[in-house]
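Undergrad: quick one, fold the following:
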Amino acid sequence: MLELQRPDTLVDRVVSAIRAEIDAGRLAAESRLPTEQQLAEQLNVSRSVVREAVAQLKADGVLIARRGLGSYISQTPGGTVFRFPGSSGRAPDLVQMFEMRLWIETQAAAIAARRRDAADLTRMADALQIMLDPGSDLTRAAAADVAFHRAIAEASKNDYFVAFHDFLGGQLASARRTAWENSARPAIGGSADASREHQALYQAIADGDRHAAAGCAEAHLRASAKRLKIDLPALD
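TA: Next up, the predicted model:
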């Protein structure tokens with residue numbers, strides 16, 4: 001019997017319940033999903049809620065549709081799309097997101113310092129120039145910020161990290177603009193602070209110093225979080 005387990009939206013709860021059945025092996029790969037009516041009755045929700053949950057699971061690659069036969073568990077029931085837990089209809093948890101970035105991006109910067117090539121450094125330098133240009137507006141500067149960090153991801157020579165960076169960038173678009181707005185206020189330290197952080201990170205990667213690159217990435221992320229009034233925990 002399916003059971004609702006999480007106090008999120010009804011759609012989130014139905015998605016979680018179906019995923020729990022798959023994880024427990026009660027809904028095996030390539031087996032048929034119960035009908036909308038059956039799921040609605042078991043979970044005590046409307047068919048429209050079940051329909052929306054099923055649509056999300058199909059979009060995530062967990063379920064597949066077979067014309068005239070209904071929905072089936074895919075051969076990759078873990079799904080093919082990354083989604084933050086319980087994020088439907090809500091703003092992302094910036095504290096946890098920045099903490100995750102702190103863990104991942106410090107290591108990515110260290111790897112980039114070892115693997116970067118001339119093209120990678122050119123992309124970083126071009127983005128840095130836009131951020132340093134006093135004529136750049138906030139939208140252009142924030143876009144250059146994304147391009148700078150994407151260039152670091154590309155310099156890691158790991159396609160999976162680049163793809164994850166792109167996903168995360170979409171989640172952080174609003175937060176990045178807020179950070180640039182805050183960094184532009186003299187009372188908070190001014191945009192010069194953010195510029196120095198990016199320049200130091202670029203130089204460490206250009207110098208091939210992986211320890212300095214990791215340290216600069218950590219310092220930049222902590223300062224960026226601070227500009228959003230977020231205090232990140234120590235790594236040790």
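
Undergrad: now do Arg140 against Asp193, distance only.
TA: Arg140 is 19 Å from Asp193, where distance means CB to CB, to the nearest Å. For glycine as for every other residue, the C-beta is placed from the backbone atoms N, C-alpha and C.

Undergrad: please enumerate the strands of the protein.
TA: Taking DSSP state E, the strands of the chain run over residues 63-66, 70-73.

Undergrad: closest to Gln38 out of the ones you listed?
TA: strand 70-73 (10.5 Å; CB to CB).

Undergrad: contact partners of that closest one?
TA: 22, 27-33, 35, 54, 58, 62-66 (CB atoms under 8 Å, 6 or more residues apart in numbering).

Undergrad: at 6 Å what do you get?
TA: Leu27, Ala29, Ser31, Arg32, Leu33, Val54, Leu63, Ile64, Ala65, Arg66 (CB atoms under 6 Å, 6 or more residues apart in numbering).

Undergrad: where in this structure is the helix or strand with the lowest mean pLDDT?
TA: helix 173-183 (a mean of 57; mean pLDDT, DSSP states H and E).

Undergrad: give me every residue that touches Arg47.
TA: Taking CB under 6 Å, 6+ apart, we find Arg47 in contact with Glu36, Ala40.

Undergrad: buried set for stretch 52-66?
TA: Residues Glu52, Ala53, Val54, Gln56, Leu57, Asp60, Val62, Leu63 are the ones in stretch 52-66 that count as buried (16 or more other CB atoms under 10 Å).

Undergrad: just grab the bridge partners of the residue nearest to the fifth one when sequence neighbours are not counted for me.
TA: Nearest in space to Leu57, with sequence neighbours left out and distances taken as CB to CB, 6 or more residues apart in numbering, is Leu63 at 4.4 Å. Beta-bridge partners recorded for Leu63 (DSSP bridges): Ile73.

Undergrad: and the spatially most central residue of the chain, how far is that from Val14?
TA: Nearest to the mean C-alpha position of the chain, counting by CA atoms, centre = their mean, stands Leu168 at 2.5 Å. Distance, Leu168 to Val14, using CB to CB: 26 Å.

Undergrad: about what we covered before: model confidence for the residue nearest to Leu57, exactly?
TA: pLDDT for Leu63: 91.

Undergrad: which stretches of the chain form helices?
TA: Secondary structure of the chain (DSSP state H): helices at 10-23, 36-43, 47-59, 94-115, 118-132, 138-155, 159-171, 173-183, 191-206, 210-227.
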